[in-house]
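*Asks:* A predicted structure for the sequence below; I have some questions about it.
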Amino acid sequence: MLRLSKLTDYAVVVMIHLDRGETVQTSPGISRGTGIPEPTVAKVLKALAGNGLVSSQRGARGGYKLSPRRLSGVSIAEVVEAIEGPIALTACVEGSAGLCESKAQCPMHGRWDPVNDAIQQALSAIMLSEMAPPRIASPSPVFVALPAE
């Protein structure tokens, strides 16, 4: 079964949370808002910042915020790659970080590339904004006319 790590799932949650909250948010605040343990939030934010998906600010009013792009400009593939590394189903996929010892005599070498490319394209076509739950609009005040006395 092809499965992404919980860290990738948490990264999506953290980015959606950053989009919905204040401009700059702290790691403990994000943890409280998402229910993800603070050390895990810090680890996710470090990886996202290292890949330019979020930016950090130091100082008394420091914290994290989304990069200038909105969620509609960030694909799921970018988040997966920030947390998991390059998308490669097997060690023999072109560009994979893994090394295959039997590459020279393997009849499958290169055969996984079309499958890997299809997954890469599918993940690249889905933006984080599509993963976010719909925003609930604030209810408008209701005015009720009272009978005149």
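*Replies:* Great, that's in hand. Numbers count the residues shown, from 1 in each chain.
*Asks:* Which secondary structure elements does the helix or strand hosting residue 8 sit against?
*Replies:* Element membership for residue 8 (DSSP states H and E) is helix 6-20. For helix 6-20, the contact count by 3 or more CB pairs under 8 Å, 6 or more residues apart in numbering; DSSP states H and E identifies helix 27-34, helix 38-50, strand 63-66, helix 76-84, helix 128-131 as packing neighbours. Yep, even glycine has a C-beta here, placed from its N, CA and C like the rest.
*Asks:* From residue 110, how far off is the nearest residue to residue 135 once chain neighbours are set aside?
*Replies:* Closest residue to residue 135 in three dimensions, ignoring its sequence neighbours and counting by CB to CB, 6 or more residues apart in numbering: residue 20, at 7.5 Å. As defined by CB to CB, to the nearest Å, residue 20 lies at a distance of 43 Å from residue 110.
*Asks:* before we move on, back to that, what's the burial count for the residue nearest to residue 135?
*Replies:* The local packing count at residue 20 equals 13, with neighbours defined by other CB atoms under 10 Å.
*Asks:* Same question for residue 79.
*Replies:* Burial of residue 79 is recorded as 25 neighbouring residues (other CB under 10 Å).
*Asks:* Surely it touches residue 16?
*Replies:* No. With contact defined as CB atoms under 8 Å, residue 79 does not reach residue 16; the gap is 10.5 Å.
*Asks:* hang on, the earlier thing: who wins for proximity to residue 7 among the helices and strands packed on helix 6-20?
*Replies:* Distances from residue 7 to each of these were compared by CB to CB, and the smallest falls on helix 76-84, at 5.0 Å.
*Asks:* could you give the mean pLDDT of whatever helix or strand comes next after that closest one?
*Replies:* Using DSSP H and E, the helix or strand that follows helix 76-84 towards the C-terminus is helix 113-125. Throughout helix 113-125, pLDDT has a mean value of 93.
*Asks:* ok, and what's touching helix 113-125?
*Replies:* Contacts of helix 113-125 with the rest of the structure, by CB atoms under 8 Å, 6 or more residues apart in numbering, involve 2, 75-77, 80, 87-90, 93-94.
*Asks:* buried subset of these?
*Replies:* If you count burial by 16 or more other CB atoms under 10 Å, the buried members of those come out as 75-77, 80, 87-88, 93.
*Asks:* What is the nearest of those to residue 45?
*Replies:* Comparing the buried ones among the contacts of helix 113-125 against residue 45 with CB to CB picks out residue 80 as the nearest, at 16.3 Å.
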